[in-house]
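Student: sequence unknown, structure follows:
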């Protein structure tokens, strides 16, 4: 009987210890998964250089689109003038100019906003 009691005690102790070990890593795994989700949820702000560079790109993009629309309007107007449709020619040139103005304005506004954000990063770091 003594041998059986020792044997059953060893079995019971090993079962309890293996159960404790089995639950330990699971809790650690759950915690690391939650930590990973938190890290992914945090959005890293762009750097100052990226904001200013993006702003310059937006201004240039707006100017490029504006130039394209202006050229398109002038081209259509020239075709209409050659084909003796002066009223359509004036309308096409005016439409091209309006689209160009809109594109330049939108691009400039977006660009100035991004540049302002980048400058704000600089002041945030200083103060």
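Tutor: Here it is on my side, so go on. Since the model is a prediction, treat every value here as computed from it, not as a measurement. Numbers count the residues shown, from 1 in each chain.
Student: Past the helix or strand hosting residue 57, which element shows up next along the chain?
Tutor: Element membership for residue 57, per DSSP states H and E: helix 48-82. The helix or strand immediately downstream of helix 48-82 is helix 86-126, counting by DSSP H and E.
Student: Counting by contacts, list what that following helix packs against.
Tutor: Judged by 3 or more Cβ pairs under 8 Å, 6 or more residues apart in numbering; DSSP states H and E, helix 86-126 is in contact with helix 48-82. C-beta coordinates here come from the backbone N, C-alpha and C atoms, glycine included.
Student: packing partners for the helix it packs on?
Tutor: If you count contacts as 3+ Cβ pairs under 8 Å, 6+ apart, helix 48-82 packs onto helix 86-126.
Student: tell me the mean pLDDT over the helix it packs on?
Tutor: Mean pLDDT, helix 86-126: 90.
Student: one step back: tilt between the helix holding residue 57 and helix 86-126?
Tutor: If you take axes from the mean of the first three to the mean of the last three Cα atoms, to 10 degrees, helix 48-82 sits at 170 degrees to helix 86-126.
Student: Sort out which residues of helix 48-82 are buried, please.
Tutor: By neighbour count on 16 or more other Cβ atoms under 10 Å, the buried set for helix 48-82 is 48, 51-52, 54-55, 58-59, 62-63, 65-66, 69-70, 73-74, 76-77, 80.
Student: got it, and stretch 114-124?
Tutor: For stretch 114-124, a neighbour-count test (16+ other Cβ under 10 Å) marks 114, 115, 117, 118, 121 as buried.
Student: so the last one touches residue 47, yeah?
Tutor: Yes: contact between residue 121 and residue 47 holds when scored by Cβ atoms under 8 Å: they sit 7.3 Å apart.
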